[in-house]
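> kindly return the folded structure for what I paste below:
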Amino acid sequence: MKKIMTLFLILLLSAVLAACGNSNKATETPNNDTTTEEPNDGAAGGDINDDNQTDDNNGANNNQTKGDSDQADFSNDYVFTSFDLEVDIENNDDAIDVDYEVDIDENETEASYENKPENINLRGNEAMEELDNIFTSFQFDENTPDEEVINEVLQAFNIPEDAAKVDLEIEYGDNVEKEYRR
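Numbering: from 1, shown residues only. All right, here's what the predicted structure looks like:
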């Protein structure tokens, strides 16, 4: 009986440890849709159709997980599928480090966001929530002049103009990879 109980405890402990992994993978992706679907059974409103009722959150995160078939669409929320930013500020190497990557084939998103001056160190879903607020504000694409892209990123992440080094690599949706340096 002791052997069975010991084996059970080992399996239970293994399952708990596996569930508490330290991964950068975002399991929930922010959903920026501002419409909600509500079934209309006709009981309260007669023939009124509210299938695409506008939500009053004005673009705030709904944070609903879409089904597997819709998660590949998440990469289309931004003009890029990969975003890698490294910033050195005077006396603070790697002060800001942002990594975001979507693997459409595997239907996975990985994200991390570290900002030492603001004491931010996020991974996975927490990083995606913070980065989504920033990424959705971007107005650039692969055809935007380099200086405009850098200035927009500097402003979005509150990076000082006199940063010692800014390295930005972006892979856009059509597999165009661009590097921006300052």
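> what helices or strands is the host helix or strand of I150 leaning on?
I150 belongs to helix 146-156 when assigned by DSSP states H and E. Packing partners of helix 146-156 (3 or more Cβ pairs under 8 Å, 6 or more residues apart in numbering; DSSP states H and E): strand 165-172, strand 177-181. Yep, even glycine has a C-beta here, placed from its N, CA and C like the rest.
> now those as TSV including distance to D146 and mean neighbour count?
Formatted as TSV, those follow (distance: least, Cβ to Cβ, whole Å; neighbours: other Cβ atoms under 10 Å):
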stretch	distance to D146	mean neighbour count
strand 165-172	9	18
strand 177-181	5	12
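> F83 is nearest to which of those?
Closest to F83 of the helices and strands packed on helix 146-156, according to Cβ to Cβ: strand 165-172, at 5.5 Å.
> so which elements touch the longest strand along the chain?
In terms of residue count, the longest strand belonging to the chain (DSSP state E) is strand 92-103. Here strand 92-103 is seen to pack against strand 80-89, strand 108-115, helix 124-135 when contacts are counted using 3+ Cβ pairs under 8 Å, 6+ apart.
> just put the helices and strands packed on helix 146-156 in a markdown table and tack on mean pLDDT and distance to I150.
Compiled in a markdown table, these are given as follows (pLDDT from 0 to 100; distance: least, Cβ to Cβ, whole Å):
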| stretch | mean pLDDT | distance to I150 |
| --- | --- | --- |
| strand 165-172 | 96 | 6 |
| strand 177-181 | 96 | 5 |
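> out of the ones you listed, nearest to F135?
The nearest among these, by Cβ to Cβ, is strand 165-172 at 10.9 Å.
> which strands border the closest one, and is each parallel or antiparallel?
Paired neighbours of strand 165-172 in the sheet (DSSP bridges): strand 80-89 (antiparallel), strand 177-181 (antiparallel).
> what are the contacting residues of that strand?
79-88, 141-142, 149-150, 153-154, 159, 177-182 (Cβ atoms under 8 Å, 6 or more residues apart in numbering).
> and those residues, which are buried?
Among the contacts of strand 165-172, those scoring as buried are 79-83, 85-87, 149-150, 153-154, 159, 182 (criterion: 16 or more other Cβ atoms under 10 Å).
> one step back: could I get the helices and strands packed on helix 146-156 as TSV with distance to D103?
TSV is the format used below for the helices and strands packed on helix 146-156 (distance: least, Cβ to Cβ, whole Å):
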stretch	distance to D103
strand 165-172	11
strand 177-181	15
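> quick one: closest of those to E101.
Of all these, it is strand 165-172 that lies closest to E101, at 8.2 Å by Cβ to Cβ.
> any weak-confidence spans in this protein?
Confidence mapping of the chain against pLDDT under 70 gives the ranges 5, 7-9, 11-76.
> could you rerun that using 80?
Within the chain, the stretches with pLDDT under 80 are 1-77.
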